[in-house]
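>>> Test case, fold it:
(4 chains)
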4 protein chains.
Amino acid sequence: MIKKVKGYTKNGKVADYIPALSKADPNDVGIAIFDGNKTCFSEGEHHKLFTLQSISKVLTLALALMDHGEDVVFSKVGMEPTGDPFNSIAKLESHIPSKPLNPMINAGALAVSSLIKGSSNEEKLERLIQFVRELSGNSLITYNQEVAKSEFETADLNRSLSYFMKQHGVISGDIDVLLDFYTKQCAIEVNCEDLAKIGYSLAQQGEHPQKSYSIIPFEIARLVKTFMVTCGMYNASGEFAIRVGIPAKSGVSGGIVGAVPGGIGIGIYGPALDEKGNSIAGMKLLELLSAKHHLSIF
Amino acid sequence: MIKKVKGYTKNGKVADYIPALSKADPNDVGIAIFDGNKTCFSEGEHHKLFTLQSISKVLTLALALMDHGEDVVFSKVGMEPTGDPFNSIAKLESHIPSKPLNPMINAGALAVSSLIKGSSNEEKLERLIQFVRELSGNSLITYNQEVAKSEFETADLNRSLSYFMKQHGVISGDIDVLLDFYTKQCAIEVNCEDLAKIGYSLAQQGEHPQKSYSIIPFEIARLVKTFMVTCGMYNASGEFAIRVGIPAKSGVSGGIVGAVPGGIGIGIYGPALDEKGNSIAGMKLLELLSAKHHLSIF
Amino acid sequence: MIKKVKGYTKNGKVADYIPALSKADPNDVGIAIFDGNKTCFSEGEHHKLFTLQSISKVLTLALALMDHGEDVVFSKVGMEPTGDPFNSIAKLESHIPSKPLNPMINAGALAVSSLIKGSSNEEKLERLIQFVRELSGNSLITYNQEVAKSEFETADLNRSLSYFMKQHGVISGDIDVLLDFYTKQCAIEVNCEDLAKIGYSLAQQGEHPQKSYSIIPFEIARLVKTFMVTCGMYNASGEFAIRVGIPAKSGVSGGIVGAVPGGIGIGIYGPALDEKGNSIAGMKLLELLSAKHHLSIF
Amino acid sequence: MIKKVKGYTKNGKVADYIPALSKADPNDVGIAIFDGNKTCFSEGEHHKLFTLQSISKVLTLALALMDHGEDVVFSKVGMEPTGDPFNSIAKLESHIPSKPLNPMINAGALAVSSLIKGSSNEEKLERLIQFVRELSGNSLITYNQEVAKSEFETADLNRSLSYFMKQHGVISGDIDVLLDFYTKQCAIEVNCEDLAKIGYSLAQQGEHPQKSYSIIPFEIARLVKTFMVTCGMYNASGEFAIRVGIPAKSGVSGGIVGAVPGGIGIGIYGPALDEKGNSIAGMKLLELLSAKHHLSIF
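Down below sits the predicted model:
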């Protein structure tokens, strides 16, 4: 399978805004698929660790909804897709009231992260990492301190978004404390198998792969997957819905998590990105998989 | 069922930009549901005729795709949802190249309509109406000349969008000829049962309700339904996907067509609109239906 | 003087959106200066005819103010400079109420042209041309029919702006009739000496060069010159005010009219344009003149 | 004179985003006029102290130009007026390269302030205050610590603008250090007479009122006054140029400095503001003065 998409990596580019990301090997492509059975199907660089980056937006959204419920969360962030880039600030100014359009763009994800319960960033992060460990069944998951530090130092655009929202009452509190949490959340490290199991948990409506209880309530898992369809692949989400039709979320590290209804989780790694910031080989891989196995929800 | 949502009509407003629409009774609510069996389930004002308005965007998209294929159509219009109102012009200016973001906003629908094959507007319109008749199984469907005329006379914003796109090479030819076709397409008249059967045709992947052949090819029906999910309900599409999760398209006449995967078509009429231009009682009706019968695709 | 700026023409480009403009010789540079004495000082291609293009905006503004007074005119168009290009539509959408920011951008000029009194376009045009003849003292001035025709045929962006404003009640009536007048107004032909005398009339607070009466009332001449300073050179007006400081208006034909307070009129022709649409040699010429003779109003 | 405009204060509102400003008496109106003679003409609340706020933008621009010259300053900030509000962020995103349009909007003023020479904020502020003392001939001028502190604490929008510019390389260094300087510069306290003398210094092309040397070089004074005309009164600058025609700069404290060419300085205080943030009585006062004494530069 990977053989068929390997060639696409040449047309992509590794993210280079922080050194840690730019060191990734653009030729890497890995995939893991998990359907609830004991072992994952996996191929390629499925064992390499990479940071969640924007994939974390899906997980903090789930956790914030579990912490506060829909009313509180959606008083701070909207539900509508946007045709703008994920890091755009224009709509915060032109929309009244100033409120990020959805939780998958940076502004919205920052607003969501500000809601995670905990008396300190340590506690919040521990709760989030514990949540990721449960979803993936991997108790070794943690965050990459070097990546978090680099991102914190270069997070001026996210600071700009945050202060803008603070001015308009969308978020409150110390912005650097929020950025500290946000950059650590983005730096949580996983491999393809972890992602596949997280995707499976979402696909299964939140049920844990090897346990009997539900980690994410049904309604929240459904809601999160809806956002993955309408806004999961940056401003290529519409085309992805048409070409692939699988609820999915990508990150600039080259990771993609997919949650196929009926219970299949997919984890992909391919750090060479297309111009919209999605893994170029990963997108192709999902397109092939969806066509071959009729995985589109549409 | 209608009893439960009737009260919502008081919070809505009938579209009033042309006299023909403003004459609608804001208290009207009607629904028809068709699952392929001989008769529709129907309730309320299901027999009243109303014009398709934006619902026609779904049908011209299908026809244009059947006429030209994806490559031609998507060279003129994008696939991405937009956070802007359906009649906005700003992104045509700020995006390079100038190309409407998707076929469900006015600019995109105008570009799609300009692609319908035919040597004259009469021929194009006949083809489109014939297509609607086949999808609905109602050979009496035609368009309302009075509404078409009114809309043509007040279509200055659509003219502005069209000339802007002509300047940038997205469309060509005489704009008033295009507007003539476009306003007639919007003025095609149906009732709830017609819409339910059209929805059924889409839900059935394009198969005709009472015939053995497919009117819309499988792939095109799938593609159209994807747009209905990501952009079908104006800039309330994201929330609708979460609250309802049924591929659907609304019009300012108060109509909504729904296409539930697995083969259920829904036609709704309720001319009292919410502030985003969707039938206020219709939205509620679909929310109740979806929750009760688990119709969400997510 | 021209010798010093001739070299700049190489860095510019002749407008090419209609054939008539693209045929201009990019190396041409001409200037005429008139201070009320019998003869103009002139140099270079001062005898060549060129069309007014955007320079006409200054003259229709003066005429509309004489026709209706400030209250009527400024109910249709604002007084504020804009950082956007002269043909931008975005602010018409984002500003409420929808009203062009000033009469020097295309939208504003179209709104102003729609106000010129006359029972037909012929009469309106005759009034405008007569006005230009009086200001310049040249009774032979007329418009170039070929240029007007070409511009009318390619005026889709101006049509878009006009229909947008019609939708929002800024202008009314038949848009193609307005465009016919507007493109003819832009096609009025002058040479450098004509422009210098027009500039002199404005500089003299509206007094006619060789007559005893005032063609433009003092207050209107003052008002028009203020717009020439704040918005006369497209979105290079701010820099022009700093570097040159002379009330001036340019056109894409390469013409510039200047009105130095105290009574000096300047007419320039140089069809090689910079990227903002101003005569590249003409701008330099005015900078040199202003520095040498201390002509800045600041 | 003040009697004639006193009534306008009722239609205005005192700025209330920080307590210190909201405590101003909306009925206050004061004016001082200085023409180089020993004493100022003054009337009304000319003795009350108020903070410079945006008026400081003019002074830091002059100082930055004296520190670095035009090339450095205008590599960081543009020269063009903008139709947007003074605190808008949209154009920083839509313009490429990201650079504030002019030094009179907040983004531009922040970029300019970041250029003031000095090894620490103390030193920079001392230099700036010393500059203001020289221009006004008042050695007692200092800044209001309470106002500076309040503004620093509520400066989230300016932080947002600053981080956005830092992301795009327009400014560098610690943003809170910049904000500390910026809010102190805005909190410098003057009365009408101080402002009148500052205006006189600018009007006199930078010459000191009672000394023989020039505090601001001729070219820089001219440049600064040009910005006062094109962008000095927020997004009412265009109308102000038409109605008044005096180089002037306002602040949300209700102050306005005017610099009439030929050597008249005007200082006004009137904390009741119109909806664009300019002193409502002050604007009217300047209009009356300009009309009566023919002070317009146009």
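
>>> Neighbours of residue A:27, how many?
13 (other CB atoms under 10 Å in any protein chain shown). No exception for glycine: its C-beta is placed from N, CA and C like everyone else's.

>>> Find the residue closest to it in space, skipping its chain neighbours.
residue A:9 (5.4 Å; CB to CB, 6 or more residues apart in numbering or on different chains).

>>> hang on, residue A:225 packs against residue A:259?
Yes - here residue A:225 lies in contact with residue A:259, judged by CB atoms under 8 Å, at a distance of 5.6 Å.

>>> tell me, what's touching those two both at once?
Shared contacts of residue A:225 and residue A:259 (CB atoms under 8 Å, 6 or more residues apart in numbering or on different chains): A:202, A:203, A:247.

>>> so what's the spatially most central residue of chain A up against?
The centre of chain A sits closest to residue A:55, judged by CA atoms, centre = their mean, with a distance of 1.2 Å. Listed by CB under 8 Å, 6+ apart, the contact set of residue A:55 reads A:195, A:249, A:250, A:251, A:255, A:256, A:257.

>>> sorry, back to before: most neighbours of all the shared contacts of residue A:225 and residue A:259, which one?
Result: residue A:202 is most packed of those (other CB under 10 Å), 31 neighbours.

>>> Assign that residue to helix, strand or coil.
With DSSP: H, G, I helix; E, B strand; the rest coil as the basis, residue A:202 sits in helix.

>>> contacting residues for it?
Here residue A:202 is in contact with A:58, A:135, A:216, A:221, A:224, A:225, A:228, A:247, A:257, A:259, A:265 (CB under 8 Å, 6+ apart).

>>> From those, pick the one nearest residue D:72.
residue A:58 (45.6 Å; CB to CB).

>>> And for that closest one, the neighbour number?
The burial count for residue A:58: 27, using other CB under 10 Å.

>>> Now name the helix or strand holding it.
For residue A:58, the host element (DSSP states H and E) is helix A:56-68.

>>> Pick the one among the shared contacts of residue A:225 and residue A:259 closest to chain B.
Nearest to chain B among these is residue A:247, at 7.4 Å by CB to the nearest CB.

>>> close enough to count as contact, that closest one and residue A:258?
Yes - counting by CB under 8 Å, residue A:258 is a contact partner of residue A:247 at 6.9 Å.

>>> Straight-line length of stretch A:272-284, end to end?
Distance between the boundary residues of stretch A:272-284 (CA to CA, to the nearest Å) amounts to 12 Å.

>>> What residues sit buried inside it?
Within stretch A:272-284, the residues scored as buried using 16 or more other CB atoms under 10 Å in any protein chain shown are A:272, A:273, A:274, A:276, A:277, A:278, A:279, A:280, A:281, A:282, A:283, A:284.

>>> Sitting in strands, which of the contacts of residue A:202 do you find?
Residues of the contacts of residue A:202 located in strands (DSSP state E): A:257, A:259, A:265.

>>> Now the buried members of the residues you listed.
Buried among those (16+ other CB under 10 Å): A:257, A:259, A:265.

>>> quick one on the thing from earlier: quick check: closest non-adjacent residue to the residue nearest to the centre of chain A.
residue A:251 (4.3 Å).

>>> give me every residue that touches that neighbour.
A:51, A:52, A:53, A:54, A:55, A:56, A:186.

>>> what does residue A:53 give?
With CB under 8 Å, 6+ apart, residue A:53 has these contacts: A:186, A:251, A:252, A:253, A:255.

>>> so the third one touches residue A:21, yeah?
Yep, that's residue A:252 we're talking about. Yes - applying CB under 8 Å, one finds residue A:252 in contact with residue A:21, separated by 6.9 Å.
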